[in-house]
Every structure is written in structure tokens, then in C-alpha cells.
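Student: need coordinates for the below:
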Amino acid sequence: MKWIFFDLGATLVDESDVYKSRCEFAVKQLNIDPAEFMNRVYETAKISPTPIRTAAKACGVTLPEWDCSLEKLYEGAHSVISGLYGKYKLGIIANQSLGTQERIDNWGIGKYFDVVMASAEAGCAKPDTKIFTAALDKAGCEAAEAVMVGDRLDNDIIPAKKLGMNTVWVRQGYAVYQSIDDESKRPDHIVDSIDELPDLFGQITNKALT
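Tutor: Residues are numbered from 1 along each chain as shown. Down below sits the predicted model:
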């Protein structure tokens, strides 16, 4: 294993304040019980990587633009990334708007990533395997030498597995509502927090050495 590629939203980046803002907007527009709308979001999260937008659209509500200013790193994300840096090459494969490099620089983690492949700049988006292939090509890395770490089975794990990448599913954010309905979609590893990654990668490395 030479490279670790990360998703951003709900993997390294805590989007909970953005979720809250968007849900409150939808509830206000619909004038319904917040619990009713959230139940729709939870159900939608099982099959959609954009559950709030999809649930709102189904109700006839168009949400405002995503507010990046409400995003923040998960507590511990910086220490996890800085601890892995130097042991592995690090990259990002994420569906993100323009300015991803600037945002990760502002969070203090941009310097750790040798490849940043964001959909806005790449011209393709997950789950299209093209964005994964583009990142691997830029890294000069074979799929079998790389790990994809992400929160969504549909966007992160399944397309990465198709290419032969190793996979780690981080069950954060709305990903907790997804389930593995086919063994071919099962990630190589499952964690409930990015805090578990250093120990996990240490175990993987030790197994490889033995």
C-alpha cells in the first residue's frame, strides 16, 4: 500500500452545520414538522449521496447554494492526516466545488496532499470511475497499491472496488443509514470514525510485512 485517497465531505470534513441550515430552510418552506422532513432525509440517505437536496426536491423545494463557510474539519482530522503523512502518499478524490485546494489550505491540511482531484476541476464526478482513474494516473499509482477512504458506499466504496482499490468505509454523517445489500459491495474495512484510521493502517502494514 503506497497511497491513501480520502473523500472530504463527512469523511475529513464535518458538514453537520450545513446539513442543519439546509434542513431548517426546507422545513420553513414546507411548513411541516421538522421530524417529518428528517425522516424523509434518513430514508433518502439509504440510496442517495445528497439526501437533503433529494428529499427537498421531492417535496418541491429548491435549496440554496451549499454554504462552504459552515464546513469544518472533524475533531482529530488534522492529527490523523499529519500522522499518516510521510508513511504514505496522500490524495483526495471528492465531489467538490471550485476552490478545494484553497479550502484545505485554510484548514491547515493542504500541504499533506500530493494529489487533489475534485469534481469541479476534473470534469467528472463520483461515482464515475473516471475521477478515480484520473487521480491514480496523476499519482502514478496502480489501483492495487491504493486505498480509498470515504463515507458513501455508492460514491466511494463501490466505484473504487471496481477498479481494484482497497477500501475503507467511514460510517459518519448520513452514511450510517446505508447498508451492504450485496457482498460484492462490502468494503475491505469499516470504521465508525476517522480516529480509528491510524490503528487500522498500522494493522494493515504489519500484516503486509508478515
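
Student: going forward, measure contacts and count neighbours with C-alpha atoms only.
Tutor: Fine.

Student: which strands or helices does whichever strand or helix holds residue 81 pack on?
Tutor: Element membership for residue 81, per DSSP states H and E: helix 77-84. Secondary-structure packing of helix 77-84 (3 or more C-alpha pairs under 8 Å, 6 or more residues apart in numbering; DSSP states H and E): helix 197-209.

Student: and the nearest residue in space to residue 145 that is not next to it in sequence, how many neighbours?
Tutor: Distances taken as C-alpha to C-alpha, 6 or more residues apart in numbering put residue 1 closest to residue 145, at 4.6 Å, once the chain neighbours are dropped. For residue 1, the tally of surrounding residues (other C-alpha atoms under 10 Å) stands at 18.

Student: and for residue 81?
Tutor: Close neighbours of residue 81, defined as other C-alpha under 10 Å, add up to 19.

Student: so it touches residue 111, yeah?
Tutor: No. Counting by C-alpha atoms under 8 Å, residue 81 does not reach residue 111; the two are 10.3 Å apart.

Student: relative to the whole chain's centre, how far out is stretch 28-46?
Tutor: In terms of C-alpha atoms, centre = their mean, to the nearest Å, the centre of stretch 28-46 is found 22 Å from the chain centre.

Student: quick one: mean pLDDT for it?
Tutor: Averaging pLDDT along stretch 28-46 gives 96.

Student: how about that stretch: buried residues?
Tutor: In terms of neighbour count (16 or more other C-alpha atoms under 10 Å), stretch 28-46 has its buried residues at 37, 38, 40, 41, 42, 44, 45, 46.

Student: from these, which land in helices?
Tutor: Judged by DSSP state H, helices contain the following of the buried residues of stretch 28-46: 37, 38, 40, 41, 42, 44.

Student: widest-spaced pair of these?
Tutor: Among these, the pair separated by the greatest distance (C-alpha to C-alpha) is 37 and 44, at 10.6 Å.

Student: list the residues that contact both of these two?
Tutor: Common neighbours of residue 37 and residue 44, using C-alpha atoms under 8 Å, 6 or more residues apart in numbering, are residue 55.

Student: which other residues reach stretch 193-206?
Tutor: For stretch 193-206, the external contacting residues (C-alpha under 8 Å, 6+ apart) are 1, 11, 12, 76, 77, 80, 83, 84, 170, 171, 172, 191.

Student: could I have the buried ones of these as PyMOL selection syntax?
Tutor: Buried members of those can be picked out in PyMOL with the line below, counting by 16+ other C-alpha under 10 Å:
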select buried, resi 1+11+12+77+80+84+170+171+172+191
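
Student: and the least confident of the contacts of stretch 193-206?
Tutor: pLDDT is lowest at residue 1 among the contacts of stretch 193-206; the value there is 90.

Student: surely it meets residue 148?
Tutor: No. Using C-alpha under 8 Å, residue 1 is not in contact with residue 148, being 11.1 Å away.

Student: look up the closest residue to residue 68, ignoring the ones flanking it.
Tutor: That would be residue 18: by C-alpha to C-alpha, 6+ apart, it lies 7.7 Å from residue 68.

Student: SS state for the one you found?
Tutor: helix (DSSP: H, G, I helix; E, B strand; the rest coil).

Student: residue contacts, it?
Tutor: Shown in contact with residue 18 (C-alpha under 8 Å, 6+ apart): 66, 67, 68, 70, 71.

Student: how far away is it from residue 160?
Tutor: Between residue 18 and residue 160 the distance is 27 Å, computed by C-alpha to C-alpha, to the nearest Å.
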